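Asker: After the sequence you'll find the predicted model.
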Amino acid sequence: MRSAPLPATERGDLSHIAYGFMASKALFAALEIDLFSLLADGPRNVTTLSATTRIPPNRLRTLLHALAALGLLVTEGPCYRNAPASQRYLVRGAPGDFGEYFRLQVARQIYPALLHLDVGLAGTGSAFDTLGGLMSEPAEARTFTAAQHAGSLAAARVLARRVPLGAAERLLDVGGGSGAFSIALCEANPGLRATVLDFPAVVDVARDYRDASGLNARIDLRAADAVHDPWPGGQDVVVMSYLLSALGECQIDTVLRKAHARLAPGGLLLVHDFMLDDIGPGPALAALWFLQYLAYRSDGVSFSAAGLSDRLRGAGFAPAPAEVLIPEITKVVLARKVSR
């Protein structure tokens, strides 16, 4: 069982939270100049890095000092090299590359949106007109979807290994974004065909990832609004990854009822999302992800796995106990359709 978070006791605890945005911006700035990729082959000094990045030495040295102080870089005399996590996760094109997710979605979309959190809490304004509004803009949809693919594919493949789908033939990936979960589940289940349903501008981006995966014949794309438009029926599996947390409270029940209606008898609903602990506060990262949604929708809600399971039972499902997928951030709930 995860221990409860320790309460803040010192002024330094408060400063660590208040100044946290500075560390975030240092990371984002380094990703924008692809600094970690430049250090992928070994240590370099300021002069060499300055010539490559075209950033004057005085400015670059200040950034490098901050990154080293944060533990993202390691100093070796006058040179800098990547810390182990930076080498593994922040080098562009590395097997564990997570940097594009941080650079594109967190730095360019989530961080600016949170500047509107105060008015979102007050109900007097928002960063943009819901996620659907953001996704209606092709450039924003491409940024969001590319980042989400970088952040989701590895987790999707872990899930696919954990949850074999047996004889399932038809899967509907609602709000499927880049199609990362459909790609991973089709790779792991050769008899499976999937349909990714998302906003039109998102589907345009998903097509590139679908085509690159070589699964063109098994993954279809459907442009639709998950809340308001019809879904194809006769599904053996419905997947919702990061969908429910992005919806308003009433919309959550709407899409759960739609999933029940479109699943075949005994069909499986797979929900992957941010979830709070059933008892006590936290996890902190899951709680903060729920909080950021309030910057652009006043009807956003947070939920635990237990609370979600209650909603699922009300919609006609028999949920299994939740399992952690991304530690401290997301969980997975599997729920079978039952008669109502």
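Answerer: Cool, the structure landed.

Asker: need the strands for the stretch 201-340 of the chain, in chain order.
Answerer: Taking DSSP state E, counting those that start in this stretch as the test, the strands found in the stretch 201-340 of the chain are 219-223, 235-241, 263-274, 317-319, 323-326, 330-337.

Asker: closest to Gly42 out of those?
Answerer: With CB to CB as the criterion, Gly42 lies closest to strand 323-326 of the strands of the stretch 201-340 of the chain, at 31.0 Å. For glycine as for every other residue, the C-beta is placed from the backbone atoms N, C-alpha and C.

Asker: Mind listing the residues bridging to Val82?
Answerer: Let me fix one detail, which is that residue 82 is Asn and not Val. Following DSSP bridges, Asn82 is listed with bridge partners Leu73.

Asker: measure it to Ala94 for me?
Answerer: According to CB to CB, to the nearest Å, Asn82 stands 10 Å off from Ala94.

Asker: With neighbour numbers in mind, choose between the two.
Answerer: Higher neighbour count among Asn82 and Ala94: Asn82, with 24 against 15, using other CB atoms under 10 Å.

Asker: pretty sure that one is touching Ala40, no?
Answerer: Yes: the pair Asn82 / Ala40 is scored as a contact, 6.9 Å apart, by CB atoms under 8 Å.

Asker: what residues do these two have in common as contacts?
Answerer: Val91 (CB atoms under 8 Å, 6 or more residues apart in numbering).

Asker: which regions of this protein lie under the pLDDT threshold?
Answerer: For the chain, residues meeting the criterion pLDDT under 70 lie at 1-3, 128-136, 340.

Asker: So in it, which helix runs the longest?
Answerer: When the chain is parsed with DSSP state H, its longest helix is helix 138-162.

Asker: Just the buried residues of it, please?
Answerer: For helix 138-162, burial by neighbour count (16 or more other CB atoms under 10 Å) applies to 140-157, 159-160.

Asker: Tell me which helix or strand comes right after that helix.
Answerer: strand 170-174 (DSSP states H and E).

Asker: coming back round to it: for Asn82 and Ala94, list the residues in contact with both.
Answerer: By CB under 8 Å, 6+ apart, Asn82 and Ala94 have these common neighbours: Ala40.

Asker: Compute the distance between the residue in the chain sticking out farthest from the centre and Arg44, please.
Answerer: No residue in the chain has its C-alpha farther from the mean C-alpha position than Gly77, which lies at 37.9 Å (CA atoms, centre = their mean). Distance, Gly77 to Arg44, by CB to CB: 12 Å.

Asker: go on, Ser86?
Answerer: Distance from Ser86 to Arg44, by CB to CB: 14 Å.

Asker: ditto for Arg59
Answerer: Between Arg59 and Arg44 the computed distance is 16 Å (CB to CB).

Asker: Mind checking which of these two has more residues around it?
Answerer: Higher neighbour count among Arg59 and Arg44: Arg44, with 20 against 11, using other CB under 10 Å.

Asker: State the distance from that one to Thr62.
Answerer: 16 Å.

Asker: So the chain: which segments form each domain?
Answerer: Domain ranges of the chain: 11-93, 101-337, per automatic domain parsing.

Asker: Between the two ends of the longest one, what distance do you get?
Answerer: Meaning domain 101-337. With CA to CA, to the nearest Å as the measure, the ends of domain 101-337 fall 34 Å from one another.

Asker: where do the helices sit along the stretch 1-150 of the chain?
Answerer: Along the stretch 1-150 of the chain, the segments classed as helices by DSSP state H, counting those that start in this stretch run 11-18, 20-32, 35-38, 46-53, 57-69, 84-89, 99-100, 111-114, 117-122, 130-135, 138-162.

Asker: same for the second one, what does it pack against?
Answerer: Translated: helix 20-32. helix 57-69 (3 or more CB pairs under 8 Å, 6 or more residues apart in numbering; DSSP states H and E).

Asker: And for the longest one?
Answerer: Counting contacts by 3+ CB pairs under 8 Å, 6+ apart, helix 138-162 is packed against helix 99-100, helix 130-135, helix 180-188, helix 200-213, strand 263-274, strand 323-326.

Asker: winner for burial among the ones you listed?
Answerer: helix 180-188 (a mean of 24; mean count of other CB atoms under 10 Å).
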